[in-house]
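Student: only geometry, no sequence info:
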C-alpha cells in the first residue's frame, strides 16, 4: 500500500468528520515528508525504525507508514473507515446527479490544500469538475486574492487542467459584495472567469433595506453566477444570526437574472435556512449545491445540501452543478 496515499486518506476522512485541524495537518505534513523520500530511503528508515527522526513524522504517522510499506492497511485508517457514515440522510438522488462543485477554496486564500490536491480529491469522489473560488482581496483575514494573484492562479489552473484532463478545474472566485453592492474585483477579470460566486462577508448586521439593495445590485451584475450563503448565518461555534433582507425581492431577482441560489453544505452554515430555501424554490430559482470546501475531505459534505434541497422539492434540472462543466457559469 502506498504510504502517502494512506496518510492522505486518513487526513481526508478526518476532514470529512470535521476533526480538529491540528490532527489533519499532522497526517498531511507527514504525507508531504514521505512523498519527498526516495523509495529505498523510505524502506531503510522503516527497517531501522528511524522514521521519527524526520521532522513532521511522529509515532502515530510512523506507524501508519510502517504498516503501509509492509503491505497492510494501516489500523488507523481501518478504524476511520469502519466508523465512516453518510454525511446526511436523504438526498441520495441529487447527490448521485452532481457532476461538480461551484464553491471550493485552496491554500491560495484560506484553504488548507493546493488546487491540485483539491482537484484530485474531487475527481476521486467521482466529480467531473470543480470551480476554484478563492476569496477576493477585501477579505484580508482570508488572504484574499489581488487581481495580480488571481491572474497567476489562472495560469496554475491551466497547468492542472492539462495534467488532469478530462477532469476540469473551472476558474472562479468568491467575490465580496461590498457595502454599495459593487463587487470586490476588477470587472474585466470577473468577465474572464468561469464561475463567480458573490457573497456578503462584511457589515452583516446592516439594516434590512440597505442589505436588500446591496444584494439586488450584486445579483444584477452580469458577471455573477451564484449568490453565496445568502444569510451569512453560523449555526455552531461562534454563532451568528441571519442577515436581514427582503428574501422575496432577492430571490425574484435571482430568478430574473439567472443567478443560482447557493445551497451551502458546510455544517456550520447550512444556508439558506429551510424556510428561505422553500421560498427560493417557489420563486423559480436555480440552485448550486456547494461544499464551500476549505480542505479535500470537506468536498464530501455535499450530502448535507442535497438532503435539504431534495426535501424542498428541488430537482436535478434546477441544479447547475448537475450539468457538464461547459454548461456552467459564464
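Tutor: Yes, it's here. Source: prediction; values computed, not measured.
Student: now the helices for the chain?
Tutor: Taking DSSP state H, the helices of the chain run over residues 3-16, 21-35, 39-48, 59-69, 75-83, 92-97, 115-124, 147-164, 187-192, 208-220, 247-257, 274-282, 302-311.
Student: domain ranges for this structure?
Tutor: 3-83, 92-327 (automatic domain parsing).
Student: any chance of those domains in a markdown table, plus mean pLDDT and mean neighbour count?
Tutor: Glycine gets a C-beta too; all of them are placed from N, C-alpha and C. Listed next are the domains of the chain as a markdown table, based on pLDDT from 0 to 100; neighbours: other Cβ atoms under 10 Å:
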| stretch | mean pLDDT | mean neighbour count |
| --- | --- | --- |
| domain 3-83 | 95 | 17 |
| domain 92-327 | 97 | 20 |
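Student: ok so, going back, just so I know, which of the helices of the chain lies nearest residue 266?
Tutor: Of all the helices of the chain, it is helix 302-311 that lies closest to residue 266, at 7.7 Å by Cβ to Cβ.
Student: make CSV out of the helices of the chain and add distance to residue 318.
Tutor: CSV is the format used below for the helices of the chain (distance: least, Cβ to Cβ, whole Å):
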stretch, distance to residue 318
helix 3-16, 27
helix 21-35, 34
helix 39-48, 50
helix 59-69, 43
helix 75-83, 34
helix 92-97, 10
helix 115-124, 22
helix 147-164, 28
helix 187-192, 25
helix 208-220, 17
helix 247-257, 11
helix 274-282, 8
helix 302-311, 9
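Student: what's next to stretch 213-226, contact-wise?
Tutor: 102-103, 175, 177-183, 187, 190-191, 193, 195-198, 200, 206, 227, 230, 245, 249-250, 253-254, 257, 259-262, 288, 290, 320, 328-330 (Cβ atoms under 8 Å, 6 or more residues apart in numbering).
Student: which ones among these lie within strands?
Tutor: Within the contacts of stretch 213-226, residues falling in strands by DSSP state E are 102-103, 175, 195-198, 227, 260-262, 288, 290.
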